[in-house]
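> Pasted the sequence and its predicted model underneath.
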Amino acid sequence: MPVAEAGPVVEAALEAAPRYGVVDTEPCPACSHPQAVLLFRTGDRLYGTTDREFTIVECVSCRLIRLEPQPEPAELTNYYPPSYWFAAGETAAERLEEAYRRLVLSDHVRFVRRALENSGEDGPILDVGCGGGLFLRLMAENGVRVIGHEISLDAARVATHVNGVPAVCGQLPRNALPAGSCAVVTMFHLLEHLYDPAAYVEAAHELLKPEGRLVIQVPNASSWQTLLFGRRWNGYDVPRHLFNFKPKDIENLLDACGFEAVRWKHFSLRDNPAGLATTIAPSLDPMARRIRRAEETPGARLMKNFLYLGLVLAALPFTVVEAACRAGSTIMVEARKKS
């Protein structure tokens, strides 16, 4: 299936967007070109973990957008605060938040169940970067065998002890799972955080059974929201996102790692409307407020959650239209091993 590129209007507008000249950089991780166009500089708009500003560039040759230079691992960990993943709580606001997340994750569940059916394989689903494990819990409630994989020990503990999901902790290329053991490997909003996304995709190729499926979701750097909001677009999530992918970038990555795309989706009920709401009003985002340790009474927190929900609902029609035009703010793809 050909890549589901953004429409020509979006592509033309992105080409015409302001750029600040060509600069020498480290070789592009995708094509090794030593030069890039400087797009903009910005800071941590969402979580406020640092006052530092970071540079976003676009490769002159392959047009892959990335953070340049990338922070060292010891520095990067400072930008991932405790409770970066979601874990259910006991207050009314927290229970409401979990109910909402269960509802919107049904979109992911349907996509992955179909990928499992398409594979025809009998084996577990491995969710890499599973966080607190709520998605896998929903899959398990649908009768599917599941395994979580997390680099964060705290998140893996939440997945295991709160959501009842068996979780492996560590780096995926050095995991302890046997080759050819998984029917589906999922990576939701993971690749953009990695220094070497190809290493994880190659590891998934080894873990999958012959007809197994890889499901990837990333923010779409050629979306309407990118065009409208520029550096304020929530999908850039500086400095945690080291790469910002367009559909063609994902197709190239899959091809280089031995996969071919079989199904594309540009809408996520969980991510597209909420992403637009967070772009417009980051101070209302529930996770951002929790990470920033905003001082709120239970009543104030509940009120802000309702305001945020209202903004998400208001964003829904726009995000449905942009997705229908193949310019949604996320890309979800199902891929299989090449013949």
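Nice, I can see it.

> where does the chain have low pLDDT?
1-20, 83-94, 175-176 (pLDDT under 70).

> all strands for it, in order.
Along the chain, counting by DSSP state E, strands occupy 22-24, 35-42, 54-59, 65-67, 125-128, 146-150, 167-169, 182-188, 208-219, 243-244, 259-265, 330-337.

> The second one: how far from the chain's middle?
Yep, that's strand 35-42 we're talking about. 22 Å (CA atoms, centre = their mean, to the nearest Å).

> ok, residue 67 - contacts?
Applying CB atoms under 8 Å, 6 or more residues apart in numbering, we find residue 67 in contact with 54-56, 238-239, 241-243. C-betas here are computed from N, CA, C, even on glycine.

> circling back to that earlier point, would you list the strands of the chain in CSV and tack on distance to residue 253?
Formatted as CSV, those follow (distance: least, CB to CB, whole Å):
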stretch, distance to residue 253
strand 22-24, 24
strand 35-42, 18
strand 54-59, 14
strand 65-67, 13
strand 125-128, 15
strand 146-150, 19
strand 167-169, 23
strand 182-188, 11
strand 208-219, 9
strand 243-244, 10
strand 259-265, 8
strand 330-337, 10
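
> Residue 301: which of these is closest?
strand 182-188 (26.1 Å; CB to CB).

> Can you give the contact residues for the closest one?
108, 112, 115-116, 119, 121-129, 135, 147, 200, 204, 207-209, 212-217.

> Show the buried residues in the residues you listed.
108, 112, 115-116, 119, 121, 123-129, 135, 147, 200, 204, 207-209, 212-217 (16 or more other CB atoms under 10 Å).

> Residue 201 is in contact with residue 207, isn't it?
No - at 10.8 Å, residue 201 and residue 207 do not qualify as touching, with contact defined as CB atoms under 8 Å.

> Render the CA-only coordinates of stretch 129-140 in PDB, please.
Coordinates of the C-alpha atoms in stretch 129-140 are reproduced here as PDB (Å, rounded to 0.1, in the frame of the first residue of the first chain):
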ATOM      1  CA  GLY A 129       6.600   1.400  26.300                       C
ATOM      2  CA  CYS A 130       3.500   0.100  28.100                       C
ATOM      3  CA  GLY A 131       3.600   2.700  30.800                       C
ATOM      4  CA  GLY A 132       1.100   1.900  33.500                       C
ATOM      5  CA  GLY A 133      -0.300  -0.900  31.400                       C
ATOM      6  CA  LEU A 134      -4.000   0.300  31.100                       C
ATOM      7  CA  PHE A 135      -4.100  -0.500  27.300                       C
ATOM      8  CA  LEU A 136      -2.800  -4.100  27.900                       C
ATOM      9  CA  ARG A 137      -5.300  -4.500  30.800                       C
ATOM     10  CA  LEU A 138      -8.100  -3.700  28.300                       C
ATOM     11  CA  MET A 139      -6.700  -6.200  25.800                       C
ATOM     12  CA  ALA A 140      -6.500  -8.800  28.500                       C
END
